[in-house]
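Visitor: Pasted the sequence and its predicted model underneath.
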Amino acid sequence: MSVHQEIKRVTTHSFQEMKNKGEKIAMLTAYDFSMAKVLDEAGVDVILVGDSASNVMAGHETTLPITLDQMIYHAASVIRGTSRALVVVDLPFGSYQGNSKEALNSAIRIMKESGAHGVKLEGGVEIAESIERIVAAGIPVMGHLGLTPQSIYKFGTYTVRAKEEAEAKRLKSDILRLQEAGCFSVVLEKIPAQLAKEATDSVLIPTIGIGAGPHCDGQVLVINDMIGLTKGFTPRFLRQYLDLFSEINGAVQSYIKDVKSGNFPNEKEQY
Ligand code: KIV
């Protein structure tokens, strides 16, 4: 019997239990029905419908252009492909930074129109009030600190964050504020491993790292990077489990050859 058959839907409660038991949490992104089905059947704990869809699905340079309607479309497709994983959806840039009412309305739209189980927002103390309002409405919230790609134009680069003492100190107080605001978990992106350890040890809720070392309570990768679909993207933190770009490229070349030579379709492949 495979893992997904033994275990029912992962909840924010089981998420917390995993941290309490010291069981690491495995999270991956997905943006469509077919991929979500594969990840869910493989037994991944959490699927993040990340706004990285803006990059890997739509081909934008940043996550900024993706809209709330587009995120809802991706999220609803992912939900239809899952029966076990907890599904968390990114609130896109511009859908929550205005004020806490806007944030709540955006979170409600995601939950109502996609069937997702929670939302993720980027930022610290400056969005704590919005998080409180969303949590008060019964919507689970995942935080996101460190490299927050929606602020790329403020940072100027995608390099490691919080190497300096002042930013590290801010991150440590931000994570406490996010916990207090009611986040059930926090993503820590591209920060030094030692800082991620200190932040993780300072809170009761699970942390999920990406480029944040081994001490987080779980790990997340962008699925397209992890299976080698994003050609040429090889940051140090990324472990590429497949070279799917080359695999698909080879298959497509074979198909083209077969069509051009008249080898496809053959006698068995027709009516
Ligand atoms: O959008 C995304 O894929 C993310 C992960 C990198 C955590 O936020």
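Guide: Cool, the structure landed.

Visitor: need the residues of the chain near the ligand, please.
Guide: 29, 48, 50, 51, 52, 90, 187, 189, 210, 220, 222 (Cβ under 6 Å from any ligand atom). Yep, even glycine has a C-beta here, placed from its N, CA and C like the rest.

Visitor: Distance check, the last one against residue 259.
Guide: Just to be clear, that refers to residue 222. Distance, residue 222 to residue 259, by Cβ to Cβ, to the nearest Å: 33 Å.

Visitor: before we move on, back to that, filter the residues of the chain next to the ligand down to the ones in helices?
Guide: Per DSSP state H, helices hold no members of those.

Visitor: now the strands for the stretch 51-200 of the chain?
Guide: Under the criterion DSSP state E, counting those that start in this stretch, the stretch 51-200 of the chain contains strands at 86-90, 118-120, 141-146, 185-189.

Visitor: Return the distance of the second one from the chain's centre.
Guide: Yep, that's strand 118-120 we're talking about. Its chain's average C-alpha position is 10 Å from that of strand 118-120, according to Cα atoms, centre = their mean, to the nearest Å.

Visitor: Direction included, what does that strand pair against?
Guide: strand 86-90 (parallel), strand 141-146 (parallel) (DSSP bridges).

Visitor: who's in contact with the longest one?
Guide: Counting by Cβ atoms under 8 Å, 6 or more residues apart in numbering, strand 141-146 makes contact with 88, 107, 118-124, 131, 134-135, 161-162, 171, 174-175, 178, 181-191, 199, 208, 212, all of which sit outside it.

Visitor: C-alpha coordinates for stretch 155-172, PDB please?
Guide: Only the C-alpha atoms of stretch 155-172 are listed here, as PDB (Å, rounded to 0.1, in the frame of the first residue of the first chain):
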ATOM      1  CA  PHE A 155      16.100  44.200  -3.200                       C
ATOM      2  CA  GLY A 156      17.500  44.600  -6.700                       C
ATOM      3  CA  THR A 157      18.900  41.000  -6.900                       C
ATOM      4  CA  TYR A 158      17.900  37.400  -6.100                       C
ATOM      5  CA  THR A 159      21.000  36.900  -3.800                       C
ATOM      6  CA  VAL A 160      20.900  35.500  -0.300                       C
ATOM      7  CA  ARG A 161      19.000  37.800   2.200                       C
ATOM      8  CA  ALA A 162      19.700  38.700   5.800                       C
ATOM      9  CA  LYS A 163      23.400  38.100   5.800                       C
ATOM     10  CA  GLU A 164      23.800  41.500   7.700                       C
ATOM     11  CA  GLU A 165      23.000  41.600  11.400                       C
ATOM     12  CA  ALA A 166      20.200  44.300  11.000                       C
ATOM     13  CA  GLU A 167      18.200  42.300   8.500                       C
ATOM     14  CA  ALA A 168      18.700  39.000  10.400                       C
ATOM     15  CA  LYS A 169      17.400  40.700  13.500                       C
ATOM     16  CA  ARG A 170      14.400  42.000  11.600                       C
ATOM     17  CA  LEU A 171      13.700  38.500  10.300                       C
ATOM     18  CA  LYS A 172      13.800  37.100  13.800                       C
END
